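Chemist: Sharing a sequence plus its predicted fold:
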Amino acid sequence: MLQLESGRVHLQINNPDRIRTDHIIHVLGHHIYSFHHEQVLIWNCALHKFYKKQRCNKMGLSIPKLQVLPEPKKMLLHEGVIRLSRETAIVVVDPNPQINRIARQLQTDLQSLIHIRPSLSAVPNAAPKGSIFLKLDTLLDQQQYILDSTGNQLQIYGGSPEALHYAKVTLCQIIHKCGANVSRLTIEDQPDFAARGLMLDIGRNRIPKLNTLFRIVDLMANLKMNQLQLYIEGVPFAYESFPHMWKGQTPISGDEIMQLSNYCQERYIELVPNQNSFGHMEDWLAHPDFRDLAEKPEGFEFPRDHVDPDMYPNGWPRPPGTLDPSDPRVLPFLERTYDDLLPYFDSRLFNVGCDETFELGLGNSKALSERLGKGRVYLDFLLKIYSLLKTRGKTMMFWGDIILQHPELIPELPNDIIALEWGYEGEHPFDLHGAQFASAGIPFYVCPGTSSWNSLSGRTTNMLSNIRNAAVHGKAHGAIGFLVTDWGDNGHLQPLSVSYPGIVFSGFLSWNAEHEHAENLLASYLDEFVFQDSEDKLGQTLLDFGNSYLQGTGTPRPNDTELMMLLRSDLDNLRIASQWSKESLDRMENYLLDIDNRLGEAVPGTDDADYIIHELRTALQFQLHAVGLGRLKLALKDRSAEPNCPEISTMARHQLDHLQQLLTEYMAAWSSRSRPGGFLRSIHDLQRLCNQYAALL
């Protein structure tokens, strides 16, 4: 049935054959685009609901705009199509096991996308028209490919099997959009960064289930990302030499690491070990067996100039978190952890962390630091770790924040070490720091963030600026890699779905840092490829949810959000609410309620669709709870002389009931993707808040 309504053409095809449907749409589309080039063609199939919003150019040509993401370096569209049919063959020229595997993956992909399963062949001359050729071309760079469908066959050339894999990903995206009638085109493409990675924090409470990690790897593969790091601090990994440290928990095992590594390798993703080795050692140093390895075993007071005075008006005492570099027992301890962890990884890289050594030089190494300088003590210990890795055949990666505080020491770094230049605000000085590493000849990555942590919903505007800043200046200074980080500070309360925009946008720009309008395509990519939302609602709703932090008071909260700070503050900390007013809390609440309504309009089509909506609504309810907490704090501030006021008790009762119900929902959302170990630590501050509410009743 064909119907023209309000300038739109509606085509209903019942009992369709997908290939015939694609042909009908192509032919019909030619005429519709010729006469209505500013209109949108929408078709519904009984088995598939497609919303392909493509426009022709103003000349009325029949070739709709084709958007491939990440955007290729060069793409030329030509007249006509090349038709894939049941006669199509996938021809492997000069077969080898890796290319054969890519061919089989393409065979499976085509069966899923257009319901044909091409035969596999190694005889080029016998291939029928419309076949797909996979060829290595040694004149191309390692990750460079060419996809050419201008002739009777679809030719794919790659500088390596990895490059052929990227070409396959591009072709599948085109077929997803075009169906069996593939636009005649020529694509020449390669990435701006050799390494394009994602780092997931599994060291702060939330350890993903293995199937969750597989899902993330699939997302990365579709974005042509090629490196995954699982950040370890404490014992989210089952160290065989230290079973007493993880007994009763649910760490990831060596066997699971090997399964994940194999899954990654099939998708040309390198699984890189990542274990902090200097700072962020709180979980180890909290145990009596290791406490005396700390720089300050008694703990320390966080420097006041590093602390938000509204959040911590009385200071911020911290447990020991940094190893004592002067203690000869520290390196043998690290060696034992390395020798438990590294055998399960095939990668030659190892990220040893070594960031944020806050109390270095304040305790056991104070005399040494006063004699040599804190920077020298840090570098000497870093080089000792470097030597441990050299004997194990590993290339060392480390976070660059501390060495950048002592730039005169950067030239003393070995030239086969990799510095990781990280920063998570939109205006972070990637330009300055990249220039410092580049001028010293030190290979480096740029490492922005998803801006998901300390937020519950993300910080969309900051995320977009931060990632683009890293990509542009990383490329300008010759960074060899781009690693987007997804941290789990303060309970890792944010759900996985909140991290998707930052991961996807990093995939776009780590491949093509000069893609000027990538921000405008993020929502549609999320809808089409991540959420499969038939209503095209969820992508933009999620991005807007991530901008809820902009609806607050406007008080700068770097690496944090006002609602999250409210939620984890003590109830008697009224200073944290001092910037809020009834009007600003009402504005925030109305914004969140609108997001909640829009979530109800989304129709994700993935097999985890129920998880997505539930975890996002749970995160939103946490934010609404923080709004209620802000109102309670304002009431406490206004009625400080009447602590037993009935209104206070009523508000506290409502907050307590809501939070207890919310924790039940949070447990369900957590268990859908994450292991049970770490959950109670995640909600520790929230349980304390429950007790504080109860004290007001």
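Modeler: Great, that's in hand. These figures come from a predicted structure and were not determined experimentally. Numbers count the residues shown, from 1 in each chain.

Chemist: Shouldn't Ala652 be within a helix?
Modeler: Yes: with DSSP: H, G, I helix; E, B strand; the rest coil as the criterion, Ala652 is part of a helix.

Chemist: which one is it nearest to, not counting chain neighbours?
Modeler: Excluding its sequence neighbours, the residue lying closest to Ala652 (C-beta to C-beta, 6 or more residues apart in numbering) is Leu696, at 3.8 Å. Using the backbone N, CA and C atoms, a C-beta is placed for each residue, glycine as well.

Chemist: mind listing what that neighbour touches?
Modeler: Counting by C-beta atoms under 8 Å, 6 or more residues apart in numbering, Leu696 makes contact with Leu571, Pro643, Ile648, Ser649, Ala652.

Chemist: what's around the last one, how many residues?
Modeler: In this case it means Ala652. As a burial measure, Ala652 scores 20 neighbours (other C-beta atoms under 10 Å).

Chemist: What's the biggest helix in the protein, counting residues?
Modeler: helix 609-638 (DSSP state H).

Chemist: Could I get the contacts of Leu696 in TSV, plus columns for distance to Leu185, secondary structure and pLDDT?
Modeler: Shown next, in TSV, are the contacts of Leu696 (distance: C-beta to C-beta, whole Å; DSSP: H, G, I helix; E, B strand; the rest coil; pLDDT from 0 to 100):
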residue	distance to Leu185	secondary structure	pLDDT
Leu571	61	coil	96
Pro643	71	coil	57
Ile648	67	helix	93
Ser649	68	helix	93
Ala652	63	helix	96
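
Chemist: which of these tops the neighbour count?
Modeler: When neighbours are counted by other C-beta under 10 Å, Ala652 leads the contacts of Leu696 with 20 neighbours.

Chemist: That one against Leu632, yeah?
Modeler: Yes: under the criterion of C-beta atoms under 8 Å, Ala652 makes contact with Leu632 at 6.6 Å.

Chemist: From Tyr166, how far out is Val101?
Modeler: Quick fix: residue 101 is Arg, not Val. According to C-beta to C-beta, to the nearest Å, Arg101 and Tyr166 sit 14 Å apart.

Chemist: any idea how far Leu223 is from the most centrally placed residue in the chain?
Modeler: Nearest residue to the geometric centre of the chain (C-alpha atoms, centre = their mean): Ile503, 3.4 Å. Distance of Ile503 to Leu223, given as C-beta to C-beta: 7 Å.

Chemist: list the residues that contact both of the two?
Modeler: By C-beta under 8 Å, 6+ apart, no residue touches both Ile503 and Leu223.

Chemist: looking at the protein, which helix or strand is least sure?
Modeler: Ranked by mean pLDDT, DSSP states H and E, the helix or strand of the chain with the weakest confidence is strand 41-45, at a mean of 29.

Chemist: about what we covered before: which of the residues in the longest helix of the chain are classified as buried?
Modeler: Buried residues in helix 609-638, counted by 16 or more other C-beta atoms under 10 Å: 609, 611-636.

Chemist: The residue nearest to the centre of the chain reaches Val484, doesn't it?
Modeler: Yes: counting by C-beta under 8 Å, Ile503 touches Val484, with 6.5 Å between them.

Chemist: pLDDT score assigned to Ile63?
Modeler: Per-residue pLDDT puts Ile63 at 40.

Chemist: ok so, going back, joint contacts of Ile503 and Val484?
Modeler: Contacts common to Ile503 and Val484, judged by C-beta under 8 Å, 6+ apart, are Leu198, Thr450.

Chemist: so what's Thr460 up against?
Modeler: Taking C-beta under 8 Å, 6+ apart, we find Thr460 in contact with Ser451, Pro501, Leu543, Asp544, Gly546, Asn547.

Chemist: host element of the nearest residue to the fourth one once chain neighbours are set aside?
Modeler: Closest residue to Asp544 in three dimensions, ignoring its sequence neighbours and counting by C-beta to C-beta, 6+ apart: Ile595, at 6.3 Å. Secondary structure assignment for Ile595, by DSSP states H and E: helix 582-601.

Chemist: chain center to that helix, what's the gap?
Modeler: 26 Å (C-alpha atoms, centre = their mean, to the nearest Å).

Chemist: again, but for stretch 212-225
Modeler: In terms of C-alpha atoms, centre = their mean, the centre of stretch 212-225 is found 10 Å from the chain centre.

Chemist: okay, that stretch in CSV with CA atoms only?
Modeler: Output in CSV follows, covering the C-alpha atoms of stretch 212-225 (Å, rounded to 0.1, in the frame of the first residue of the first chain):
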residue,chain,number,x,y,z
THR,A,212,28.2,-7.6,29.7
LEU,A,213,31.9,-7.3,28.7
PHE,A,214,31.1,-9.2,25.5
ARG,A,215,28.4,-6.7,24.7
ILE,A,216,30.8,-3.8,25.3
VAL,A,217,33.3,-5.5,23.0
ASP,A,218,30.7,-5.8,20.2
LEU,A,219,29.9,-2.1,20.6
MET,A,220,33.6,-1.2,20.3
ALA,A,221,34.1,-3.5,17.3
ASN,A,222,31.3,-1.7,15.4
LEU,A,223,33.1,1.6,16.1
LYS,A,224,36.5,0.2,14.9
MET,A,225,38.0,0.6,18.3
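
Chemist: Which positions within it qualify as buried?
Modeler: 212-217, 219-225.

Chemist: which pair in those spans the largest distance?
Modeler: Thr212 and Lys224 (21.1 Å; C-beta to C-beta).

Chemist: sorry, back to before: quick check: angle from the helix holding Ile595 to helix 609-638?
Modeler: 170 degrees (axes from the mean of the first three to the mean of the last three C-alpha atoms, to 10 degrees).

Chemist: for helix 582-601, what is the average pLDDT?
Modeler: 98.

Chemist: Can you mark which positions in it are buried?
Modeler: Ser584, Leu585, Met588, Glu589, Tyr591, Leu592, Ile595, Asp596, Arg598, Leu599.

Chemist: How much space separates the closest residue to Leu571 other than its chain neighbours from Gln655?
Modeler: Spatial nearest neighbour of Leu571, excluding adjacent residues (C-beta to C-beta, 6+ apart): Gln692 at 3.9 Å. According to C-beta to C-beta, Gln692 and Gln655 sit 10 Å apart.
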